[in-house]
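[1] Predicted model and sequence below, questions to follow.
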Amino acid sequence: MIDVIVIGGGPAGSTAATMLARRGFAVTLLEREHFPREHVGESLLPASMPILEALGVLEAVESAGFLKKWGATMVWGQTREPWSWAFRETNRQYPHAYQVFRPEFDQILLRNSAAAGATVREGCRVLDVLFDEPGSANLPVGVRFTDESGAEQTLFARHIVDASGQSGIIGRARRLRTNDEHFRNLAVYGYFEGAQRLPEPNETNIFIESFEHGWTWNIPLHTGEMSVGAVVDSHHGQAQIAALGVEAFYRAQVASAPATAKMLTDARFVRGPIVIRDWSYVSSEVVGPGWVLAGDAACFIDPLFSTGVHLALSSGIMAAAYVATALTDAELAAAAAPVYKELYFQQYSHFRELARLFYASNRTVDSYFWEVRRVLADDSLTPREAFVRATAGQSSKGYERVVLEHGDLPTDFVREMRALEEEQSERANAARELAASGRMLAAVPVLAAAVRVERQAVLGDGVFAWGDVLRSEARPAGTEVSALVRRMVELMDGARTVGEIVSLLAEGADAGRVAEIVIRAAQVLYADGIIETLEARA
């Protein structure tokens with residue numbers, strides 16, 4: 001019996017296998033295809049760059065010659081004129097990502113897994129997952145698969161990572177998957193040679209154009225090809241494909257997007273078209289005893305913001321950390337499982353909400369497709385909650401606020417969005433002025449309702465560890481904090497001043513340094529609404 005079986009060698013599976021093998025676990029990765037293999041999803045995000053660095057493949061990605069992606073250009077929102085945004089506007093550390101050729105990119109990641117010590121077996125199709133009691137949904141003990149020769153084999157392991165993509169071996173077997181009714185779209189795509197690029201300085205941007213029945217993507221590749229796809233309503237697309245055939249339907253969609261069609265005037269169609277149906281879904285559970293889902297095996301969101309590869313890489317890192325924890329510390333693993341789900345769904349909800357709002361904001365086209373998607377169907381969220389969810393983690397994602405500005409959003413959403421931003425700005429300025437005046441130490445911090453610090457599992461360096469998480473209505477997802485900030489919050493009883501809190505914290509320590517940290521933390525906590533009031537005593 002080995003330690004871990006990873007099902008699937010795409011970005012999620014190869015990432016998980018690499019990180020686990022580096023920690024010394026015996027890992028076997030079973031991949032159905034032989035790499036390199038065709039795959040769509042060529043456009044990366046800057047948020048993926050630090051993950052590629054952690055995997056040790058960034059140099060290989062840079063050497064491959066992939067085109068640098070500096071931003072995006074769109075025909076979307078309130079005008080038919082194209083508009084662009086650049087990653088550098090909000091992400092100075094990683095001002096670009098890459099437009100990758102997926103057969104080559106995925107092979108780099110898979111070879112990296114083997115180099116890290118994982119056993120990589122291609123041409124192996126997993127048939128099903130074996131459980132300790134046949135027919136039960138208890139602890140998985142291995143998999144049954146066919147090897148390259150077609151012979152059936154069985155492999156046993158202590159833990160299974162399901163990164164089988166849209167096949168979703170465990171998710172489908174356990175009926176965990178639910179289609180996202182808001183994004184019941186269909187995509188059809190192909191590849192052209194000799195396509196015209198956008199004018200400088202946007203020539204390597206992804207280009208997205210809304211049209212009557214949906215939207216198109218144009219992604220330039222270093223191979224000289226252009227990946228061109230159309231996303232339409234699933235029912236409409238399937239009916240038209242049945243009537244016209246796939247290729248005629250594909251060409252009709254491309255022709256319906258004038259800017260896209262112009263870019264392809266002198267281009268030659270070389271590969272495709274390929275259809276993906278009903279592709280937005282989410283799993284009710286992503287982790288359980290002896291198993292974890294990663295990448296598309298767990299969920300897939302509409303491709304509007306090129307989130308697929310990033311979610312795969314990110315979930316591969318988190319899945320490896322969870323499995324490493326589960327194999328070494330059962331008590332901590334029990335606490336880490338719900339945290340893995342929370343972290344995964346936090347990213348999923350962020351990207352889903354952003355896509356939903358952006359669909360609703362488009363006024364460049366009037367049609368059934370756009371009228372349906374302009375309705376904010378999720379009544380469980382207030383406008384303020386929707387904005388918080390859509391912009392959560394903006395410092396690492398870096399484009400949410402920029403793209404939302406170009407759309408025609410519902411009035412109540414815009415009102416709440418501006419009110420929240422103005423409130424945060426005013427609170428930040430007030431806290432800054434209080435600190436600059438020298439009166440911060442005399443101020444009494446009063447916590448907002450429902451603020452608490454919880455001891456829970458947090459994602460560490462390759463494993464989960466015990467840590468402190470600050471939660472509030474303003475930050476329902478929670479924020480990991482240091483022991484000093486935890487103790488600082490505990491001492492905020494509504495009567496003590498910041499100076500008194502510093503004195504209690506500075507016993508045997510550098511009081512000046514502690515005061516500096518506490519004052520800065522108080523400013524941040526007040527701006528975020530964790531501290532409700534912060535007023536200096538007379």
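    Happy to help now that I have it.
[2] and Ser43, bridged to which residues?
    Beta-bridge partners of Ser43, counted by DSSP bridges, are Gln99.
[3] Quick check, it in contact with Arg102.
    No - with contacts counted by CB atoms under 8 Å, Ser43 stays clear of Arg102, the gap being 10.1 Å. Placement of C-beta: from N, CA and C, glycine included.
[4] Those two: which is more packed in?
    Counting neighbours by other CB atoms under 10 Å for Ser43 and for Arg102 shows that Ser43 has the greater number, 25 against 19.
[5] contacting residues around the more buried one?
    69, 97, 99-100, 206, 217, 219, 306 (CB atoms under 8 Å, 6 or more residues apart in numbering).
[6] could you dump those residues to TSV with distance to Phe183, secondary structure and pLDDT?
    Listed next are the contacts of Ser43 as TSV, based on distance: CB to CB, whole Å; DSSP: H, G, I helix; E, B strand; the rest coil; pLDDT from 0 to 100:
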residue	distance to Phe183	secondary structure	pLDDT
Lys69	23	strand	95
Ala97	23	strand	93
Gln99	23	strand	97
Val100	24	coil	96
Ile206	19	strand	94
Trp217	15	strand	96
Ile219	20	strand	97
Ser306	15	coil	82
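[7] from those, which is closest to Arg268?
    Proximity of these to Arg268 (CB to CB) peaks at Ile219, which lies at 16.9 Å.
[8] show me the contacts for the closest residue to that closest one other than its chain neighbours.
    Using CB to CB, 6 or more residues apart in numbering and skipping residues adjacent in sequence, the residue nearest Ile219 is Ser227, 4.2 Å away. Listed by CB under 8 Å, 6+ apart, the contact set of Ser227 reads 40, 42, 189, 191, 217-219, 221.
[9] tell me the secondary structure for Ser227?
    State at Ser227, reduced to three classes by DSSP: H, G, I helix; E, B strand; the rest coil: strand.
[10] State the distance from it to Ala252.
    Separation of Ser227 from Ala252 (CB to CB, to the nearest Å): 18 Å.
[11] can you give me how far the helix or strand encompassing Thr260 is from the chain middle?
    Following DSSP states H and E, the helix or strand that holds Thr260 is helix 258-263. Chain-centre distance of helix 258-263: 30 Å, with CA atoms, centre = their mean, to the nearest Å.
[12] buried ones in it?
    Residues 259-261, 263 are the ones in helix 258-263 that count as buried (16 or more other CB atoms under 10 Å).
[13] That one - contacts with which helices or strands?
    With contacts defined as 3 or more CB pairs under 8 Å, 6 or more residues apart in numbering; DSSP states H and E, the packing partners of helix 258-263 are strand 206-211, strand 214-220, helix 246-256.
[14] CSV please, covering the ones you listed and showing distance to Ala173 and mean neighbour count.
    Formatted as CSV, these follow (distance: least, CB to CB, whole Å; neighbours: other CB atoms under 10 Å):
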stretch, distance to Ala173, mean neighbour count
strand 206-211, 35, 24
strand 214-220, 32, 25
helix 246-256, 30, 18
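[15] Tell me which of these lies nearest to Val524.
    strand 206-211 (34.3 Å).
[16] show me where the stretch 251-400 of the chain has helices.
    Secondary structure of the stretch 251-400 of the chain, counting by DSSP state H, counting those that start in this stretch: helices at 258-263, 308-326, 330-361, 368-373, 383-391, 394-397, 400-404.
[17] I'd like the next helix or strand past the last one.
    If I follow you right, that is helix 400-404. helix 411-436.
[18] Just want the angle from that following helix to helix 330-361.
    Between the axes of helix 411-436 and helix 330-361, defined by axes from the mean of the first three to the mean of the last three CA atoms, to 10 degrees, the angle is 120 degrees.
[19] counting contacts, what elements does helix 411-436 pack onto?
    Looks like helix 411-436 contacts helix 383-391, helix 511-527, strand 531-536 (3+ CB pairs under 8 Å, 6+ apart).
[20] Going by mean pLDDT, which of the ones you listed comes out lowest?
    Here these differ in mean pLDDT, and the lowest is helix 383-391 at a mean of 49.
[21] Identify, out of the helices and strands packed on helix 411-436, the most deeply packed stretch.
    Of the helices and strands packed on helix 411-436, the one with the most neighbours on average (mean count of other CB atoms under 10 Å) is helix 383-391, at a mean of 20.
[22] quick one on the thing from earlier: want to throw the helices and strands packed on helix 258-263 into a markdown table with distance to Glu81?
    Below are those laid out as a markdown table (distance: least, CB to CB, whole Å):
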| stretch | distance to Glu81 |
| --- | --- |
| strand 206-211 | 11 |
| strand 214-220 | 16 |
| helix 246-256 | 18 |
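[23] so where is the stretch 251-400 of the chain shaky, pLDDT-wise?
    278, 374-400 (pLDDT under 70).
[24] Spatially central residue for this structure, please.
    By CA atoms, centre = their mean, the chain has its centre lying nearest to Leu311, at 4.0 Å.
[25] Is there a neighbour count for the residue lying closest to that residue once chain neighbours are set aside? I'd like the number.
    Nearest non-adjacent residue to Leu311, counting by CB to CB, 6+ apart: Gln347, 6.2 Å away. Using other CB under 10 Å, Gln347 has 21 neighbouring residues.
[26] what's the answer for Gly460, then?
    So Gly460, with other CB under 10 Å, has 14 neighbours.
[27] Touching, it and Ala320? I think so.
    No - between Gly460 and Ala320 there is no contact under CB under 8 Å: 11.9 Å.
[28] got a list of what Val126 touches?
    7, 30, 32, 143-145, 164, 169.
[29] Quick one: which of those is the most crowded by neighbours?
    Ile7 (30 neighbours).
[30] any idea how far the nearest residue to that residue once chain neighbours are set aside lies from Val6?
    Spatially, and ignoring its direct neighbours in sequence, Ile7 is nearest to Ser164 (4.6 Å; CB to CB, 6+ apart). Going from Ser164 to Val6 by CB to CB gives 9 Å.
[31] Need the overlap of contacts for these two.
    Common neighbours of Ser164 and Val6 (CB under 8 Å, 6+ apart) are Gly13.
[32] Quick one: the strands in the stretch 151-300 of the chain, in order.
    Secondary structure of the stretch 151-300 of the chain (DSSP state E, counting those that start in this stretch): strands located at 152-162, 177-179, 185-193, 206-211, 214-220, 225-233, 268-277, 281-283, 287-288, 291-293, 299-300.
[33] The ones you listed: which one's closest to Ala495?
    Short answer: strand 287-288, nearest of the strands of the stretch 151-300 of the chain by CB to CB, at 42.7 Å.
[34] Just give the strands next to the closest one in its sheet, each with its orientation.
    Strand 287-288 is paired, per DSSP bridges, with strand 291-293 (antiparallel).
[35] Please work out which residues outside the partner strand touch it.
    Contacts of strand 291-293 (CB under 8 Å, 6+ apart): 129, 140, 159-163, 168, 170-171, 176, 283, 286-287, 315, 319, 322-323, 340.
[36] can you rerun that using 6 Å?
    140, 160-162, 170, 283, 286, 319, 322 (CB atoms under 6 Å, 6 or more residues apart in numbering).
[37] picking that back up, can you check which of the helices of the stretch 251-400 of the chain gets nearest to Val469?
    It is, among the helices of the stretch 251-400 of the chain and with distance given as CB to CB, helix 330-361, at 8.8 Å.
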